[in-house]
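Undergrad: I need the structure of the sequence given here:
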Amino acid sequence: MKNSEKLWKHFPRCVKISDIYAKGQNIGCDKMKYTFNKSVISEGIEFCSISADGFKSSCISVNFVLPLGEKASLYALVPNVLTRSSRKYPDLASIERKLANLYGADLIVDVSKVGENQILKLEVSCIDDRFALENEVISAECSKLLFELIFNPNVENGAFSQNDTESEKRILIERLYAEQSDKRSYAKNKCEELMFSEEAYGIHRFGTVEDIEKITPESLYEAYCEILRTAKIVICSSGNTDANRVCEEFKAYSNKLSRELYLGETLFVEKAEDVKYVKEQEPVKQGKLVMGFRMGMTDANDNYAARRVMVDIFGGSPHSKLFTVVREKMSLCYYCSARMIRAKGIMFVQSGIESFNEEKAKEAILQQLEDIKNGKFTQDDIDASIKALEDSFKSVTDSPESLDSWFMSQCVSSAYKYPEDFISDFKNVTKDDIMKAAQDVTLDTVFMLEGTAKESDSDE
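TA: The predicted structure is shown next:
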């Protein structure tokens, strides 16, 4: 449970569960076998189940997909307030007691941005039902708790609790300030804001401090009702759970909803017309250079495999050009890496540098990209990147939570792809494919946070 002391550790029944693990039972296997199924409950409401017998835990999540817009702060605050109380569980302590009785189940809230959509996730994870000491169906109890918090909130006279609202507002504002204090995060967010100043993607997933401060218990409840009415809703049951039972329980709640589905669509800009450049100064020693690129994509699936391998060779791993040449050989950066964001068709290069090396670092970074365009890389580079990507994508099956995250990151669309699908595509990528993918990349925005301090600050 977020922001609260775990009370379950004080319960004797939970101590006994550790004894089960200590016996060394081999529950899992080297390569987890799982099956994924999706069904449509009603328009805009989907149920997904990921069945796997080898895990020691299970998780159930409810995901709300909303267009990213001016109400981002309101929407981001809703799931946090929902997990503080409900009609049946009037305070945090009562929720914690319930989680404790469920063998220390975890209640998790996450707000993310996928393309130009905001995804609100409420998730509960618990031990597998096989480990219950009295044959309880723990996953079923967890789903009931989750649905109770979501659909029966603690509301009076059309408003959430004033104390809950103000407490969660303060926490959300502190998270935004923490990102601003982390200069690496600040520089990335600033480049993103500049690059997408005329696109919805430029909005932070939490919105702004100013918008959070304006939220009232009444406006928050209005936003909650709007979410239930207009969002695409995806429920996911992952692990060895009774998926049919979870689905039927959810239907009992969703059948009461009045729906008016509103879906957004992500704008893909294939090519940068010119390069935007902004510099700021901060009293820190290490400068932060962030470069934003358009990747020539028309949608999230447009030649993705070749582009993803290209990004890995360019700056996605320790064997990449940015790491081995710009950082190691030329010693221009403390760190230097590239990250592709498939859902928007973009790439960011982030580096920590001495501010006087800004021009040299930019030239070196762009030269590595130019070299890939011209085929100045080997088959060994390709093989190393494909192997690294394969290992990364296989790790998706490490836990019910990671499988849930994988598939729910795709819930903005109606199509779901397995990690194995991408791995197969990567193995078919050729050198020519990579060169062509690199040729589509254009520089859009450069943000430089220039350090003016003589000594390194604690936030480096």
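Undergrad: could I get the full set of helices for the stretch 1-150 of the chain?
TA: For the stretch 1-150 of the chain, the helices defined by DSSP state H, counting those that start in this stretch occupy 12-22, 72-82, 92-101, 138-151.
Undergrad: excluding chain neighbours, what is closest to residue 389?
TA: Of all residues not flanking residue 389 in the chain, residue 426 sits nearest, at 5.3 Å (Cβ to Cβ, 6 or more residues apart in numbering). Where C-beta positions appear, they are placed from N, C-alpha and C, glycine not excepted.
Undergrad: quick one: the one you found from residue 381, how far?
TA: 14 Å (Cβ to Cβ, to the nearest Å).
Undergrad: what's the neighbour count on residue 302?
TA: 16 (other Cβ atoms under 10 Å).
Undergrad: list the contacts of it.
TA: Shown in contact with residue 302 (Cβ atoms under 8 Å, 6 or more residues apart in numbering): 268, 296, 345.
Undergrad: same check, this time on residue 269
TA: Contact partners of residue 269, counting by Cβ under 8 Å, 6+ apart, are 199, 294, 345.
Undergrad: next, count neighbours for the last one.
TA: Residues within reach of residue 345, counting by other Cβ under 10 Å, total 25.
Undergrad: touching, it and residue 292? I think so.
TA: No: taking contacts as Cβ atoms under 8 Å, residue 345 lies outside contact range of residue 292: 11.6 Å.
Undergrad: how many residues are close by the residue nearest to residue 199 when sequence neighbours are not counted?
TA: Once flanking residues are discounted, residue 199 sits nearest to residue 267: 5.7 Å by Cβ to Cβ, 6+ apart. By other Cβ under 10 Å, 14 other residues sit near residue 267.
Undergrad: residue 267: which element?
TA: For residue 267, there is no helix or strand it lies in under DSSP states H and E.
Undergrad: measure it to residue 307 for me?
TA: From residue 267 to residue 307 the distance is 18 Å (Cβ to Cβ).
Undergrad: just to revisit the earlier point, dump the contacts of residue 269 to a markdown table, plus pLDDT, secondary structure and distance to residue 403.
TA: Compiled in a markdown table, the contacts of residue 269 are given as follows (pLDDT from 0 to 100; DSSP: H, G, I helix; E, B strand; the rest coil; distance: Cβ to Cβ, whole Å):
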| residue | pLDDT | secondary structure | distance to residue 403 |
| --- | --- | --- | --- |
| 199 | 97 | coil | 31 |
| 294 | 98 | strand | 31 |
| 345 | 97 | coil | 25 |
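Undergrad: so where's the protein shaky on pLDDT?
TA: Scanning the chain for pLDDT under 70 picks out the ranges 1-32, 455-460.
Undergrad: if we use 80, what do you get?
TA: For the chain, applying pLDDT under 80 flags the ranges 1-32, 53, 414, 454-460.
Undergrad: can you give me the strands for the stretch 351-460 of the chain?
TA: Using DSSP state E, counting those that start in this stretch, the strands found in the stretch 351-460 of the chain span residues 442-451.
Undergrad: how about the helices in it?
TA: Remark: helices assigned in the stretch 351-460 of the chain by DSSP H, counting those that start in this stretch are 358-373, 379-394, 400-408, 419-427, 431-439.
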